[in-house]
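> sequence and computational prediction follow.
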Amino acid sequence: MNRRALSKTVGMVVIVIVVVGIAGVLFAVTSTPTQQVAPSPKPEPASAPKPEQPPAPAPAPAPVAPQPPQPVAPPPPPPAPVAPPPPPPAPAPAPVPQPAPQPAPAPQPAPAPAPAPAVLSGTVTVVLKDQEFSGGTITVKKGTKIIFQHRDTSLGGGDPGIHNVVEKTGKFKSVDMGFGQDWEYAFNNVGVFEYFCEPHPFMTGKITVVE
Ligand SMILES: [Cu+2]
């Protein structure tokens, strides 16, 4: 009986100790978490480095494989640039002669105003001197009176010094004029009257009569 009671008592004490110990452990875990956390991480890092080492060697060979295939693709493009040579022949047809015709039209407007002669009227004087009809080619209004004046001092030698005014078709003919003499004629008909001097046929003139 004593042994049984002793063992029973010991068992009770052990249970109490275990319960108290468990309670103490629980209390320690709840009240001081920092202390327990510290020791637990220690074993984890030990096991962590083990898995890292094996995966490290695996990724190394992977990147080496993709690199070789890339440089192989670029070589083909070089042959393409051979096509461009044909375009050069285009610049040959340069239309350089075109700018030249531009300056030509400039002189054309200038002669246009020239043919518009001044139309004289009233009484107009044509002086015979230096063996020519000075101001003898003119345009006049119908009814204009022209006075031909012999003022030629260039005649000499065997020249009698006579001038006259003769229309080529005989429409009018002046008297023989000596130096200082005048002869007048009224142009009352529209038309062109070409005239000359009989003693000096190289002396000519033209009277254009307009309305
Ligand atoms: Cu004459």
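Nice, thanks for sending it over.
> show me the residues around the spatially closest residue to residue 152 that is not a sequence neighbour that make contact.
With sequence-adjacent residues excluded and distances taken as CB to CB, 6 or more residues apart in numbering, residue 152 is closest to residue 129, at 4.7 Å. The C-beta positions use only the backbone N, C-alpha and C, and glycine is treated the same way. Taking CB atoms under 8 Å, 6 or more residues apart in numbering, we find residue 129 in contact with 151, 152, 153, 154.
> up against the ion, what does the protein have?
Within the chain, the positions lying close to the ion (CB under 5 Å from the ion) are 163, 197, 199, 200.
> report how many residues lie close to the second one.
Residue 197 is surrounded by 24 other residues when neighbours are defined as other CB atoms under 10 Å.
> which ones are touching it?
In this structure, residue 197 makes contact with 128, 133, 163, 164, 165, 166, 203, 204, judged by CB under 8 Å, 6+ apart.
> which among those gets closest to the ion?
Proximity of the contacts of residue 197 to the ion was ranked by CB to the ion; the top entry is residue 163 with 3.5 Å.
> circling back to that earlier point, drop anything exposed from the residues of the chain next to the ion.
163, 197, 200 (16 or more other CB atoms under 10 Å).
> quick check: residue 211 touching residue 142?
Yes: under the criterion of CB atoms under 8 Å, residue 211 makes contact with residue 142 at 5.7 Å.
> thinking again about what came up before, show me the beta-bridge partners of the residue nearest to residue 152.
residue 132 (DSSP bridges).
> low-scoring stretches of the protein, by residue?
Within the chain, the stretches with pLDDT under 70 are 1-7, 9-10, 13-116.
> so what pairs up with residue 148 in the strands?
Under the criterion used here (DSSP bridges), residue 148 is bridged to residue 126, residue 183.
> okay, residue 211 and residue 142: which has more neighbours?
Neighbours per residue (other CB under 10 Å) separate residue 211 from residue 142, with residue 142 holding more: 14 against 7.
> now residue 181: closest residue in space that isn't a chain neighbour?
Nearest residue to residue 181, sequence neighbours excluded (CB to CB, 6+ apart): residue 150, at 5.1 Å.
> surely that neighbour is in contact with residue 177?
Yes: contact criterion CB under 8 Å: residue 150 and residue 177 qualify, at 4.2 Å.
> which residues do the two both contact?
In contact with both residue 150 and residue 177: 128, 163, using CB under 8 Å, 6+ apart.
> among those two, which residue is more densely surrounded?
Using other CB under 10 Å as the criterion, residue 150 and residue 177 rank with residue 150 on top: 23 against 20.
> what's the neighbour count on the closest residue to residue 167 other than its chain neighbours?
In space, and not counting its chain neighbours, residue 167 is closest to residue 195: 4.9 Å by CB to CB, 6+ apart. The local packing of residue 195 (other CB under 10 Å) involves 25 other residues.
> wait, isn't residue 195 in contact with residue 169?
No: at 9.8 Å, residue 195 does not count as touching residue 169 under the criterion of CB under 8 Å.
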